[in-house]
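*Asks:* Here you go, sequence then predicted model.
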Amino acid sequence: MIQNQPLISVIVPVYKVEAYLGPCVECIIAQTYRNLEIILIDDGSPDRCPEMCDAWAQKDSRIKVIHKENGGVSLARNVGLDAATGDYVMFVDSDDLIVSNIVETLLDSCQRNNVLLAMCPLQNFTGEAPSLEKKVAKEKVLTGRYICQYFFDYYASGPVAKLYEKSLLAKSRFVLNRRAGEDAAFNYPIFYGLDNVAFVFAPMYYYRHYADSTTGTYNAHLLDELATFEEMLSFYKSHNDKLLYRAMAKEYYARILAHQQKVGRFLAENKALVGELATKRRNFMNLDLGVAQRIFYSVANAFPRLFLKIFFTERDFRQNRIRGQL
């Protein structure tokens, strides 16, 4: 029976996750859907992860291990894509967890709705692992353009918690040498090119959130994500899609303000970064904005903290609704 089922390639980049790799692999091999090709890409991890990957491959013939020099998560995912032989592809990060029927549910959703991509929301967790029992939830078919309009509300920016029909990824690879925003750069053209996407309204993917990871620190490389937003704006403008252009302009503006706050708090001595962000904020008003939007952003410029508070509060509300928590 299994030979008649589509093969699902599960791509897992592995780097310095010795404490979390075991639970992650366990929840993948425990999937109710059995016809899996599990590709563990050891990205030159300096801990015990390489030997742990090999040990898992000895236990389960569905597991393939690729050892490579460290090159970052984007290159590791690209290596996984090149090696994948499945009919569908799913990405899982090696410190995260998935519920036992996520593959079965997303594949069923793809097939019943005749779509090439199915997805579900994420749920953050810290500390104790959540229950990974089966989940049942309603679903809805949304247009790819609608997902692009609410790209971050619907968790569309990251590659995880999604099942891609492999043909979608034939020409898609992750951007290298970009340490933030590379996921969104990978996904937005894919979603924009889709008529329909199946969305399952239940968080079946648990993203490990490190509570202290952003406390008292800020890395300048996070500004890399602004290049992705600038590419998205150029893309939507080239497609004469004013709705998505303006939706992404608002997101871009919020990110500039958020980075200005972080840089001002943690890297104020870096005058080049401070100047770069100030220039981006000034240049924002030169975008292709309507009169009403120019007035709106002129007011927002006077009250940036208030704008950000409202912006991210509204996002939290929408994401909680999407996860079925409201």
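*Replies:* In hand now; what should we look at?
*Asks:* contacts, neighbours, all on C-alpha from now
*Replies:* OK.
*Asks:* so what strands line up beside the worst-scoring helix or strand of the chain on mean pLDDT?
*Replies:* In the chain, no helix or strand scores lower on mean pLDDT, DSSP states H and E than strand 122-125, which sits at a mean of 88. Strand 122-125 has its sheet partners listed here by DSSP bridges as strand 205-208 (parallel).
*Asks:* re earlier: give the buried residues for the least confident helix or strand of the chain.
*Replies:* 122-123, 125 (16 or more other CA atoms under 10 Å).
*Asks:* And stretch 203-212, by the same measure?
*Replies:* 203-208.
*Asks:* so where's the stretch 51-200 of the chain uncertain?
*Replies:* Scanning the stretch 51-200 of the chain for pLDDT under 70 picks out the ranges 129, 131, 135-136.
*Asks:* mind running it again at 80?
*Replies:* Judged by pLDDT under 80, the stretch 51-200 of the chain has its weakly predicted residues at 127-137.
*Asks:* element containing Y164?
*Replies:* Taking DSSP states H and E as the definition, one finds Y164 inside strand 162-165.
*Asks:* Counting by contacts, list what that strand packs against.
*Replies:* Secondary-structure packing of strand 162-165 (3 or more CA pairs under 8 Å, 6 or more residues apart in numbering; DSSP states H and E): strand 88-91, helix 102-113, strand 117-119.
*Asks:* try 7 Å this time
*Replies:* In terms of contacts (3 or more CA pairs under 7 Å, 6 or more residues apart in numbering; DSSP states H and E), strand 162-165 is packed against strand 88-91, strand 117-119.
*Asks:* next one: it to chain centre, how far?
*Replies:* 13 Å (CA atoms, centre = their mean, to the nearest Å).
*Asks:* Distance of L223 relative to R62?
*Replies:* 39 Å (CA to CA, to the nearest Å).
*Asks:* E18: helix or strand, and which one exactly?
*Replies:* Residue-wise, E18 maps onto no helix or strand under DSSP H and E.
*Asks:* per-residue pLDDT, the closest residue to it other than its chain neighbours?
*Replies:* Excluding its sequence neighbours, the residue lying closest to E18 (CA to CA, 6 or more residues apart in numbering) is C49, at 5.5 Å. C49 carries a pLDDT score of 97 in this model.
*Asks:* okay, now C49: neighbour count?
*Replies:* Neighbourhood size, C49 [other CA atoms under 10 Å]: 22.
*Asks:* ok now do it, which residues does it touch?
*Replies:* By CA atoms under 7 Å, 6 or more residues apart in numbering, C49 lies in contact with 16-18.
*Asks:* export these to a markdown table and tack on pLDDT, distance to K166 and neighbour count?
*Replies:* As requested, the contacts of C49 are exported to a markdown table (pLDDT from 0 to 100; distance: CA to CA, whole Å; neighbours: other CA atoms under 10 Å):
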| residue | pLDDT | distance to K166 | neighbour count |
| --- | --- | --- | --- |
| K16 | 94 | 28 | 18 |
| V17 | 94 | 27 | 17 |
| E18 | 94 | 30 | 17 |
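*Asks:* Going by distance to R178, which of those residues wins?
*Replies:* K16 (19.7 Å; CA to CA).
*Asks:* Surely the closest one is in contact with R48?
*Replies:* No. Proximity of K16 to R48 does not meet the contact threshold set by CA atoms under 7 Å, at 8.2 Å.
*Asks:* where does S238 fall, phi/psi-wise?
*Replies:* Per-residue torsions, S238: phi -70, psi -30 (degrees, to the nearest 10).
*Asks:* Please report how far L287 lies from I98.
*Replies:* 41 Å.
*Asks:* When the two are compared, which one has more neighbours?
*Replies:* Set side by side, L287 and I98 show more neighbours around I98, with 29 against 12, by other CA under 10 Å.
*Asks:* coming back round to it: save the contacts of C49 as a markdown table, and put in distance to G158 too.
*Replies:* Output for the contacts of C49, formatted as a markdown table (distance: CA to CA, whole Å):
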| residue | distance to G158 |
| --- | --- |
| K16 | 20 |
| V17 | 19 |
| E18 | 23 |
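*Asks:* All good on my end, thank you.
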